[in-house]
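Visitor: need a structure here:
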Amino acid sequence: MSDTPDRRAAAVEGAFGFVLATRDHAHGLSFWNNAYGFGPLFNATVFSEAEAGLFDVPIADIEPQWLAMPVPLRAEQRP
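Guide: Numbers count the residues shown, from 1 in each chain. Below you'll find the predicted structure:
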């Protein structure tokens, strides 16, 4: 799959899912995980648009925001 304008537009619209993020004063961005709470991106729970709309956003020092996931990398592009 190549990175086309249509695929980039799909990422902006959330076609690849959403993660819930907040800023942590000590660690920068933290991402929600249903099992562990806020932590690193590699543990983030990825939500569909419908799941994000129904999710009860947890209380945090800085209000969490939904971020659209980027277009997945092609296997050939990975190091």
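Visitor: flag the helix or strand of the chain with the lowest per-element mean pLDDT.
Guide: Scoring the helices and strands of the chain by mean pLDDT, DSSP states H and E places helix 5-12 at the bottom, with a mean of 53.
Visitor: now do the buried residues in stretch 54-65.
Guide: By 16 or more other CB atoms under 10 Å, the buried positions in stretch 54-65 come out as 55, 60, 64. (Glycine included, C-beta is placed from N, CA and C.)
Visitor: so what's Met1 scoring on pLDDT?
Guide: pLDDT, Met1: 45.
Visitor: correction: the previous question concerned Asp61.
Guide: Looking at Asp61, its pLDDT stands at 87.
Visitor: which element is the residue nearest to the spatial centre of the chain on?
Guide: Closest to where the C-alpha atoms of the chain average out (CA atoms, centre = their mean) is Val19, at 2.5 Å. According to DSSP states H and E, Val19 maps onto strand 18-24.
Visitor: list the strands paired with the following helix or strand past that strand, with their directions.
Guide: On the C-terminal side of strand 18-24, the closest following helix or strand by DSSP H and E is strand 28-33. As defined by DSSP bridges, the strand partners of strand 28-33 come to strand 18-24 (antiparallel), strand 37-39 (antiparallel).
Visitor: hmm, who's touching the longest one?
Guide: Meaning strand 18-24. Here strand 18-24 makes contact (CB atoms under 8 Å, 6 or more residues apart in numbering) with 29-32, 38, 41, 44-49, 52, 55, 57, 60-69.
Visitor: hmm, try it at 10 Å
Guide: Defining contact as CB atoms under 10 Å, 6 or more residues apart in numbering, one finds that strand 18-24 is touched by 28-34, 38-39, 41, 44-49, 51-53, 55, 57-58, 60-69.
Visitor: show me how to select, in PyMOL, the buried members of these.
Guide: To isolate the buried members of the contacts of strand 18-24 in PyMOL, using 16+ other CB under 10 Å:
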select buried, resi 30+31+32+33+38+44+45+47+52+55+60+64+66+67+68
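Visitor: point out the ones among the contacts of strand 18-24 that are inside helices.
Guide: Applying DSSP state H to the contacts of strand 18-24, the entries found in helices are 49, 51-53.
Visitor: since that was my last question, I'll sign off now.
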